[in-house]
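Q: Sequence below, structure please.
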Amino acid sequence: MRTRDSAPERGTDRAGEGRADGGPRYLGIDVGGTKVALRAESATGPAEETAFAWGAGRGAEHDLARLAASVGTLTARTGEPFRAVGVAMPATVGPDERVTAWPSRPEWTGLPLGPALRALFPGAAVAWADDGDLAALAEAEAAGCEDLLYLGVGTGIGGGLVLGGRLCPGPDRGSFELGHLVVELDGPVCVCGRRGCLQATASGPATLARAAHLRGAPVDFDDLRAGLRDRQAWAVTALDRTGRALAVAAVGVAELLHPRLAVLGGGFAAGVPELVDRVAEHLAALARPGLPRLPVAPARLGGLSSLRGAVLLARRQ
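A: Numbers count the residues shown, from 1 in each chain. All right, here's what the predicted structure looks like:
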């Protein structure tokens, strides 16, 4: 997690602080592979949300211009600038605030993320963290559980671990890269270049590609859901492998760090509720005698965990 407090000095009018129209305003931004979501909150007023889809390959400058336009629209709707901003990022950001890796958007590599974000929000405190970490933080708060493992299944695999109410390994030691945990030594090649990462087997696109291979025909998200509803073998088998890979990863984490609850979230998982049962069945099969089985539940915030975590990060600045 990286932060930089650039808020105005005390005594100035900080984004509505102390006003009767809802108080300080906070913004959370969830930067995804195919979509960016924004949520603005105040101390007491109603929340405002917006989102836009974006394709890869247009360049970081184009992407930032799209983000700036959406921020401008949301600011106009809320009527005030923001006191603090939290950003959920899937990219790896180095200590110099530059993006060091983002496989799905390589054109962002080398981008000075900190200056770029602060330029969008002059006068606000700006912080960013891994999207999986922030999702875990939000889900732990929602569940009232201080020891929680989050598995987010979407375009990729996000993960986060909260122990004793704090992120593990911690903001100064990097993010919890569950998606790049190797679960199959001879598994498919991941976008990171390594073979067998959880993301390469259990992400939404990986599941759809496997279903298409088994079916012998293209499969989109709606096709998969229809196939699961009709108990088609190609759909059931494709999802079962995803569930097994997620369970293998969760068991490995549980053996070392002992979370009390695993939560399954992300956009893909939210649209395929059967996945929770598949993961639970494999967790039961992998349980070690004499130890309690790790319970798994759907994310309370659905596909919005990272976005809510970004707002929570803003509120904590």
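
Q: how close does residue 131 get to residue 247?
A: 22 Å (Cβ to Cβ, to the nearest Å). From N, CA and C alone the C-beta is placed, and that goes for glycine too.

Q: what's the answer for residue 39, then?
A: 31 Å.

Q: all strands of the stretch 51-200 of the chain, in order?
A: 84-89, 92-93, 99-101, 125-130, 148-153, 157-163, 166-168 (DSSP state E, counting those that start in this stretch).

Q: if we can go back for a sec, more neighbours, residue 39 and residue 247?
A: More crowded of residue 39 and residue 247, by other Cβ atoms under 10 Å: residue 247, with 26 against 22.

Q: what are the phi and psi angles of that one?
A: The phi/psi pair for residue 247 (degrees, to the nearest 10) reads phi -70, psi -40.

Q: Could you measure from it over to residue 264?
A: 10 Å.

Q: now do residue 182
A: Applying Cβ to Cβ to residue 182 and residue 264 gives a distance of 20 Å.

Q: And these two? Which one has more around it.
A: Counted by other Cβ under 10 Å, residue 182 and residue 264 do not tie: residue 264 has more neighbours, with 26 against 16.

Q: wouldn't the more buried one be in contact with residue 279 here?
A: Yes. In this structure, residue 264 is within contact of residue 279 by Cβ atoms under 8 Å, at 6.1 Å.

Q: Give the residues shared as contacts by these two.
A: 151, 246, 296 (Cβ atoms under 8 Å, 6 or more residues apart in numbering).

Q: Is the residue nearest to residue 315 when sequence neighbours are not counted part of a helix or strand, or is it coil?
A: Leaving out its chain neighbours, the residue that sits closest to residue 315 by Cβ to Cβ, 6 or more residues apart in numbering is residue 26, at 5.3 Å. Classification of residue 26 using DSSP: H, G, I helix; E, B strand; the rest coil returns strand.

Q: residues near residue 26, how many?
A: Residue 26 has 27 nearby residues by other Cβ under 10 Å.

Q: So, low pLDDT: which residues of the stretch 151-300 of the chain?
A: Applying pLDDT under 70 to the stretch 151-300 of the chain flags residues 171-172.

Q: can I see the domain layout of this protein?
A: 2-133+305-315, 143-300 (automatic domain parsing).

Q: quick revisit: show the buried residues in the shared contacts of residue 264 and residue 279.
A: Among the shared contacts of residue 264 and residue 279, those classed as buried by neighbour count (16 or more other Cβ atoms under 10 Å) are 151, 246, 296.

Q: which among these gets closest to residue 283?
A: Distances from residue 283 to these, taken as Cβ to Cβ, are shortest for residue 296 (6.1 Å).

Q: For that closest one, list each beta-bridge partner.
A: Residue 296 forms beta bridges with residue 262, as assigned by DSSP bridges.

Q: Surely it is in contact with residue 259?
A: No. Shown here, residue 296 and residue 259 do not form a contact pair, counting by Cβ under 8 Å, at 10.5 Å.

Q: shared neighbours, residue 247 and residue 264?
A: Shared contacts of residue 247 and residue 264, counting by Cβ under 8 Å, 6+ apart, come down to residue 279.
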